[in-house]
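**Student:** Sequence plus the predicted model coming up.
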Amino acid sequence: MTVLKLDSAPKILSQFNNYARSLRAIGHDLTKLYPEDLEIQVEATEFLASGVGVTQPSQESVEHGSFIKKGWNRLTGKESKPNLPVVPRRGECFTRKYTLDDINHLDEIGLPERTNNEGKPDIYSLDERLRTVGRIVDACKGTLVRVVKDRNSIKFEYRDQNGHDHREEFTNLALYKYQQRFYSERGIYTFIDPWDKA
């Protein structure tokens, strides 16, 4: 764990005291934007999320297009070529704000989905990855400052209960292993390290 000064100006303590819950709700809300790059800043009364999402064509248009193409090929007697995967287009920038009321509402909306998956969260999902960051900050009774996610890693800054500033970085693999260990201790997953020799 690295201790360093983020800036000289003291930050106002946030009203959010359960970052794991808050970040999970935000991650669930942002999942439909398919964010490749994401930054979440924490102010005293709100989370400010911004980033670049990836847009994907609707399933209806993909199915409709392939249905017509298959029908035409049957009529003309042409063999159809194998369908190539649809490559997502790079989307527009987005910005969203989340207050404590927004977090409570999103958490309530997401409850049915969380309780219907046999008690095993999808540890690859954005909401679960952000929740893990929140757990780390919550474990030291810290105050979250910022989270930055890109394709390969998650970086986050927080202030611990003694007022020391910290900056952490987890690669996707390191975060995945951390999540597996956490859930294996709770008896939800059996931890298997893919890099260990059998």
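**Tutor:** The structure has been received and is ready for your questions.

**Student:** Flag the shaky bits of this structure, pLDDT-wise.
**Tutor:** Applying pLDDT under 70 to the chain picks out residues 1-17, 55-90, 113-121, 186-198.

**Student:** residue boundaries of the strands in it?
**Tutor:** 35-42, 46-55, 89-99, 143-149, 153-159, 165-171 (DSSP state E).

**Student:** Can you mark which positions in stretch 91-99 are buried?
**Tutor:** Taking 16 or more other Cβ atoms under 10 Å as the neighbour-count basis, stretch 91-99 is seen to contain the buried residues Gly91, Arg96, Tyr98. In short, each C-beta sits where N, CA and C put it, glycine included.

**Student:** Tell me the one among these nearest to Thr31.
**Tutor:** When these are compared for distance to Thr31 (Cβ to Cβ), Arg96 wins out at 12.5 Å.

**Student:** Determine the number of other residues adjacent to the closest residue to that closest one other than its chain neighbours.
**Tutor:** Excluding the flanking residues, the one nearest Arg96 by Cβ to Cβ, 6 or more residues apart in numbering is Ala49, at 4.7 Å. Ala49 has 21 neighbouring residues, counting by other Cβ atoms under 10 Å.

**Student:** just checking, Gly53 touches Tyr34?
**Tutor:** Yes: under the criterion of Cβ atoms under 8 Å, Gly53 makes contact with Tyr34 at 5.3 Å.

**Student:** Overlap of the contact sets of the two?
**Tutor:** Both Gly53 and Tyr34 are in contact with Gly91, where contact means Cβ atoms under 8 Å, 6 or more residues apart in numbering.

**Student:** In this protein, what residue spans correspond to helices?
**Tutor:** Defined through DSSP state H, the helices belonging to the chain, from first to last, are 19-30, 59-76, 100-115, 126-139, 172-185.
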